[in-house]
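**Student:** Here's my sequence, what's the structure:
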Amino acid sequence: MSAACRFYHVADRRLDEIWEYSCTHWGEAQAEKYIEGLFSHLQKAANRAIPWNALPQRLVAPVGVSHGVYMTRYKKHSIFFRELSGGSLGILSILHNAMNIPVRLQEDLLLTERQEVTPPG
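**Tutor:** A predicted model of the protein is given here:
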């Protein structure tokens, strides 16, 4: 049985941004290929087929974020997540490696503290 991935609204919005950027710069077929690859990577993470990396010290979670945050990388993106009850992954944020990741991650983690996750599918 496959574990599910559930997206916080911030991460869901980041997926839309990745799609839009990829479509604009490389076309719809490439955008679809990238997003499908990203989802395949997340499914492997959910099934623990790839390692979960603890949040690096330079990316300290904001005060009040008391849960474990992990990360994985897919091509040019860093994906931040936590384990939810039942073994699902809660995708917190997806950030391009060219972004100011420490600042953007802090912003996204603070936003996710007040949000529900989006069901898979």
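
**Student:** can you list the weak-confidence ranges in this structure?
**Tutor:** Applying pLDDT under 70 to the chain flags the ranges 1-2, 57-67, 114-121.

**Student:** Please, which helix or strand holds residue 14?
**Tutor:** In this assignment (DSSP states H and E), residue 14 forms part of helix 9-26.

**Student:** quick one, strands of this protein?
**Tutor:** 5-8, 53-54, 70-74, 77-83, 89-96, 117-118 (DSSP state E).

**Student:** And the contacts of the second one?
**Tutor:** Right, the one you point to is strand 53-54. 68, 70-72 (CB atoms under 8 Å, 6 or more residues apart in numbering). (Glycine included, C-beta is placed from N, CA and C.)

**Student:** nearest to residue 82, of these?
**Tutor:** When those are compared for distance to residue 82 (CB to CB), residue 68 wins out at 6.0 Å.

**Student:** Run through the residues that contact the nearest residue to that closest one once chain neighbours are set aside.
**Tutor:** Using CB to CB, 6 or more residues apart in numbering and skipping the chain neighbours, the partner closest in space to residue 68 is residue 82 (6.0 Å). Counting by CB under 8 Å, 6+ apart, residue 82 makes contact with 67-70, 89-90, 92.

**Student:** Which one (most neighbours) among the contacts of strand 53-54?
**Tutor:** Among the contacts of strand 53-54, residue 71 has the most neighbours (other CB atoms under 10 Å), with 20 neighbours.

**Student:** do you know how far that residue is from residue 11?
**Tutor:** Distance check for residue 71 against residue 11: by CB to CB, to the nearest Å, it reads 12 Å.

**Student:** again, but for residue 109
**Tutor:** The value you get for residue 109 to residue 11, if CB to CB is used, is 11 Å.

**Student:** count of neighbours near the nearest residue to residue 83 once chain neighbours are set aside?
**Tutor:** The spatially closest residue to residue 83, leaving aside those adjacent along the chain, is residue 89, at 6.5 Å (CB to CB, 6+ apart). Residues lying near residue 89 (other CB under 10 Å) number 26.
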